[in-house]
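>>> Provide a 3D model corresponding to the input given below.
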Amino acid sequence: MAGHQRITLITGASRGIGRACSEQLSLKGQAIIGLARNKPKDQFPGEFYCVDFTDRPATKNIFCLLYTSPSPRDS
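Model (predicted):
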């Protein structure tokens with residue numbers, strides 16, 4: 001799949017282990033999509049979306065958005 005960038009979706013990406021994984025994978029050239037209930041306190045190394053996975057409609061909406069919307073990761 002030449003010309004395609006690997007995309008990694010990480011939950012709990014605003015802090016802790018999820019944030020550390022986001023930073024490390026970004027440094028290795030992967031496009032990162034981060035999801036968490038709270039915004040990161042500083043610059044996130046990729047796309048970031050707030051979502052509470054206990055809210056089923058919000059969870060459905062975020063995955064529909066990610067599936068249907070164009071973004072820089074598509075180029």
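>>> for my notes, confirm residue 48 occurs in a strand.
Yes: judged by DSSP: H, G, I helix; E, B strand; the rest coil, residue 48 forms part of a strand.
>>> is it true that it touches residue 41?
No: contact criterion CB atoms under 8 Å: residue 48 and residue 41 do not qualify, at 11.7 Å. Where C-beta positions appear, they are placed from N, C-alpha and C, glycine not excepted.
>>> which residues do these two both contact?
Taking CB atoms under 8 Å, 6 or more residues apart in numbering as the contact rule, residue 48 and residue 41 both touch residue 14.
>>> those two: which is more packed in?
A side-by-side neighbour count of residue 48 and residue 41, using other CB atoms under 10 Å, places residue 48 first with 18 against 9.
>>> list the contacts of the more buried one.
Going by CB under 8 Å, 6+ apart, the list of residues near residue 48 reads 13-14, 33-36, 39-40.
>>> could you dump those into CSV with neighbour count and pLDDT added?
Shown next, in CSV, are these (neighbours: other CB atoms under 10 Å; pLDDT from 0 to 100):
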residue, neighbour count, pLDDT
13, 27, 98
14, 21, 97
33, 19, 96
34, 25, 97
35, 22, 98
36, 23, 98
39, 12, 96
40, 17, 96
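>>> among those, which lie within strands?
33-36 (DSSP state E).
>>> ok so, going back, now the two most distant members of the contacts of residue 48.
Of all pairs drawn from the contacts of residue 48, the greatest distance, 14.5 Å, lies between 33 and 39 (CB to CB).
>>> quick one: which helix or strand includes the nearest residue to residue 51 once chain neighbours are set aside?
Nearest residue to residue 51 in three dimensions, chain neighbours excluded: residue 62, at 4.5 Å (CB to CB, 6 or more residues apart in numbering). Using DSSP states H and E, the element containing residue 62 is helix 56-68.
>>> now that helix: buried residues?
Residues of helix 56-68 classed as buried by neighbour count (16 or more other CB atoms under 10 Å): 62, 66.
>>> list the helices and strands that helix packs on?
Packing partners of helix 56-68 (3 or more CB pairs under 8 Å, 6 or more residues apart in numbering; DSSP states H and E): strand 47-50.
>>> sweet, I'm off.
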